[in-house]
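**Student:** Predicted coordinates and the sequence they were generated for:
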Amino acid sequence: MAKQPRVLSGQVAAITGGARGIGRETARALAAQGMRVAIGDLDLPTTQATAAELGPNVTGYTLNVRDRDSFTAFLDAVEADLGPIDVLINNAGIMQLGPFLQEDDATAHRQVDINVHGVLYGMKLILPRFVARGRGHLVNIASSAGKAGFPGGATYCGTKHFVVGVSEAVRGELRGTPVQVSVVMPGVVNTELATGLVEARGIRNVNPQDVSQAIVETLQVPRFDVYVPRSLGPLSGALGVLPRRSREAIVRALKADQVLMSADPVARRAYELRATQSEPRRDEGAASEQPGD
């Protein structure tokens, strides 16, 4: 018998990297379900503008996910304003591309700080609250790149492997509690983060609205693995049981190994610059922590 979808109306959701892309569309979708939604991002004016556009159920806050104190202040402010958080969506992330041997240390540190430590801080800060209350749903945004390594994005893939792995481990530790954990693994999403990418054969790009709808569905009927599109799940499972040589041959046949490696650097220039500036700055033009993911 199918499970009855949970009613989300009246619950409180907090979304990191909520000013743009997937975060923004997820805030829109959750507000449409009657949830009270807090979006946090480094670029406060843009965050507040997004919140104003999305309506009275959405509130914008400043958030630097690289800083534990900032993350704590964000969660405390949301709970003071909106009430206890029922859902945390760790969405903030950046993707900087290029051959691994040409990647400088600052680029690697930036991606690890945001994509890894930003997720860890969120988990370590929200899960004790969920456990104490006996309820809560943690949603970590990873990527299909968290299930395979793609040339041209080695460090990014590594960070998303981490998100999948830590989510699986913590889910195991929380087994038997009412706290839910989900990991969302989209393919290429048509946001600024994916600017200039080529398409793989037979694997369609998705829109941020597709990801936000999948998040709504997993909050209503919880599941751990959330692939977008759903067809990526069976494909990932099938590739996982093949010998490495066969798996790599299929990836090459699909041209999936070229999606990141052959990205257009001219088309990506504005995004890459903003990702490079994804840290607190006092001068004008401070960048978002979540440039389009």
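**Tutor:** Received, thanks. Residues are numbered from 1 along each chain as shown.
**Student:** rest of the way, CA atoms for contacts and neighbours
**Tutor:** Fine.
**Student:** hang on, Ala148 is in a helix, isn't it?
**Tutor:** No. Applying DSSP: H, G, I helix; E, B strand; the rest coil, one finds Ala148 to be coil, outside a helix.
**Student:** For burial, what's the neighbour tally of it?
**Tutor:** 15 (other Cα atoms under 10 Å).
**Student:** Thr159 is in contact with that one, correct?
**Tutor:** No. With contact defined as Cα atoms under 8 Å, Ala148 does not count as touching Thr159 (11.5 Å).
**Student:** got the residue ranges for the strands in the stretch 101-250 of the chain?
**Tutor:** When secondary structure is read from DSSP state E, counting those that start in this stretch, the stretch 101-250 of the chain shows strands at 137-141, 180-186, 225-228.
**Student:** Partner strands of the first one, with direction?
**Tutor:** So that's strand 137-141. strand 87-90 (parallel), strand 180-186 (parallel) (DSSP bridges).
**Student:** Please name whichever of those strands is nearest to Gly98.
**Tutor:** strand 180-186 (20.7 Å; Cα to Cα).
**Student:** CA atoms only: put that closest one into CSV for me.
**Tutor:** Taking C-alpha atoms only, strand 180-186 is exported to CSV below (Å, rounded to 0.1, in the frame of the first residue of the first chain):
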residue,chain,number,x,y,z
GLN,A,180,15.2,11.4,8.0
VAL,A,181,18.3,11.9,5.7
SER,A,182,18.1,12.2,1.9
VAL,A,183,20.8,12.9,-0.7
VAL,A,184,19.8,14.5,-4.0
MET,A,185,21.9,13.6,-7.1
PRO,A,186,21.0,15.6,-10.2
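**Student:** What mean pLDDT does it get?
**Tutor:** Average pLDDT, strand 180-186: 97.
**Student:** Next: stretch 16-26.
**Tutor:** Computed over stretch 16-26, the average pLDDT equals 97.
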